[in-house]
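Peer 1: Only the shape, not the letters, is given here:
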């Protein structure tokens, strides 16, 4: 089969590799009908995630058709159409039983690597380094999916792939970020969202779904800010604003936003002194992230508010304004998304017509174009907002 | 004896958790070991009471010869204690999970024969004797005279989380083959004894909870660099490459 493989910083290649096989009794094999490039794939592309090996198959947003099931798989059968969550969970451990699916104990074969860095290991993830399991990813024609009865969500109605594909990551991730904000309908609550990529956009839509009155969107790319405005948010281009924190105060009656969502992660951008220092430190490998948006979110949040962090971090960051965090009595909520908790309820929202997740798509490509699309995605060229891949298509126009 | 006390008094207190550490030591050495710990640390009575279990542990470490390796690891398994105990007690199950074990044969209720692979693929055999056990609570063993590798240890089972889970705690001491130099050599080549015990216990937990041990051995990938291929040969990893253990591993239902 064809698969997109990581070969180093800014080096993705389409390789012909072996087809995947069933390796464990609860596995299934999926023929991928649609997959996508995630913002977090850029952390791999830029070489900021440790424990990648040359030749690793990437990709963690995918859906398809069940081709083969292991002998312990009860709920899925050959021919079923499924969306596969990016986290892998066993369904039986202490954490799965509490719906903390992305913290599953039994799905990371390299848990000891993650434990060395983080104390405890999160669950296995598709296509996202050996520290989180080294599982071959979904930017491929076929994928092996472990614990097939726990993760994959069956799609039994007439939705197109594009309408349900984002249940694999970005929609539930944006939704969990908004849910973490403690939004109560009818209270006139305000939420500020840093980063209007796919996760940020879904966080905006979800915040309104959950009953927020005001959502403020922060980014620097006009096409993203435009989508945020269409979703109902007030859009701020931070590159044109001298003092973002003051503007956020002015927009929220002087209080600051009730909740701040940091949907940027370890590779934030900015022009302030601390942002420049971070760029240098990250380049010199003394810091593994540039937490510019996280600092701003803590600084901006109203007293007693929530900082919700769906943005991805991999290691250590410096100069977190802990004084502001402590003295303002803030709460932080974060984590890889507990996918299995959200996929079915969000499918119901799609069914009811509350949301059509395909609004974020800007590019549709075949698998051979993926390496060049990583570059487009990194440089935010061509008004890109989301790249969807048909791994079986010949080259087609973007 | 000490151990019985620690099993029964103050299950929920901090002290009882500390006293779990290295139960075989309190078995073999009993009060003498505690006394040794006290005399060496020369602490006041109140402090000793607070740190009792820890002192036993420290004392045991000091008592150990220079060649010995000590490992203790604890995991929580979401299965009731009787299930975990009975699966473990069927020693023939263990080689399917623990990658360095090749074969275990029970001789009678007390004695069993064990065969394992050591560093550099060295074959190691020993007879083990159960020196004490209590159903659903603990098993304590030691190797018999004439073993390739002298070892002793214990596994303890504690009911936890309102009876829904078991905390399993394994403590093993052994003289590494080829002495301390052998242990160092093994560590350099990715066979760190602590990692072995931890990863074997982790696999045991996964099999008990999920019915299978997670793996990526045999999945597709693009061309590996020469460096990665060389590293895989030089550092075979904690378990995945050792004697094709992942192929040997069988799902839970076929072992029960």
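Peer 2: Right, received. Where do you want to start? It should be emphasised that the depicted structure is a prediction, and the values quoted were computed from it without experimental measurement.

Peer 1: From chain A, how far out is residue B:90?
Peer 2: According to Cβ to the nearest Cβ, to the nearest Å, residue B:90 and chain A sit 20 Å apart. Every C-beta, even on glycine, is put in place using the N, C-alpha and C of the backbone.

Peer 1: burial of that residue, as a residue count?
Peer 2: 12 (other Cβ atoms under 10 Å in any protein chain shown).

Peer 1: For residue B:152, which non-adjacent residue is spatially closest?
Peer 2: residue B:142 (3.8 Å; Cβ to Cβ, 6 or more residues apart in numbering or on different chains).

Peer 1: check contacts around that neighbour.
Peer 2: Listed by Cβ atoms under 8 Å, 6 or more residues apart in numbering or on different chains, the contact set of residue B:142 reads B:24, B:128-129, B:131, B:151-153.

Peer 1: cool, residue A:314 as well?
Peer 2: Going by Cβ under 8 Å, 6+ apart, residue A:314 touches A:43, A:48-50, A:266, A:288-289.

Peer 1: any idea which element the residue nearest to residue B:152 lies in?
Peer 2: If you go by DSSP states H and E, residue B:142 is part of strand B:138-143.

Peer 1: Okay, now the sheet partners of that strand, with direction.
Peer 2: Strands adjacent to strand B:138-143 in the sheet, as given by DSSP bridges, are strand B:123-134 (antiparallel), strand B:151-160 (antiparallel).

Peer 1: now for the worst-scoring helix or strand of chain A on mean pLDDT, which elements pack on it?
Peer 2: Least confident element among the helices and strands of chain A, by mean pLDDT, DSSP states H and E: helix A:273-283 (a mean of 75). Here helix A:273-283 touches helix A:292-300, going by 3 or more Cβ pairs under 8 Å, 6 or more residues apart in numbering or on different chains; DSSP states H and E.

Peer 1: what are the pairing partners of the helix or strand following the helix it packs on, and which direction each?
Peer 2: Per DSSP H and E, the first helix or strand lying C-terminal to helix A:292-300 is strand A:306-309. As defined by DSSP bridges, the strand partners of strand A:306-309 come to strand A:259-262 (parallel), strand A:331-334 (parallel).

Peer 1: Single out the most deeply packed of these.
Peer 2: strand A:259-262 (a mean of 31; mean count of other Cβ atoms under 10 Å in any protein chain shown).

Peer 1: how far does the least confident helix or strand of chain A sit from the chain's center?
Peer 2: Centre-to-centre, helix A:273-283 and its host chain are 24 Å apart (Cα atoms, centre = their mean, to the nearest Å).

Peer 1: Could you tell me the angle between it and helix A:292-300?
Peer 2: Per axes from the mean of the first three to the mean of the last three Cα atoms, to 10 degrees, the angle that helix A:273-283 makes with helix A:292-300 is 150 degrees.

Peer 1: Just the buried residues of the contacts of residue B:142.
Peer 2: Using 16 or more other Cβ atoms under 10 Å in any protein chain shown as the burial test, the contacts of residue B:142 include B:24, B:128, B:151-153 as buried.

Peer 1: Give the full set of residues in contact with the residue of the stretch 51-200 of chain B found nearest chain A.
Peer 2: Minimum separation of the stretch 51-200 of chain B from chain A (Cβ to the nearest Cβ) falls at residue B:78, amounting to 5.6 Å. Counting by Cβ under 8 Å, 6+ apart, residue B:78 touches A:92-94, A:97, B:161, B:164-165, B:209.

Peer 1: No further queries at this time; thank you.
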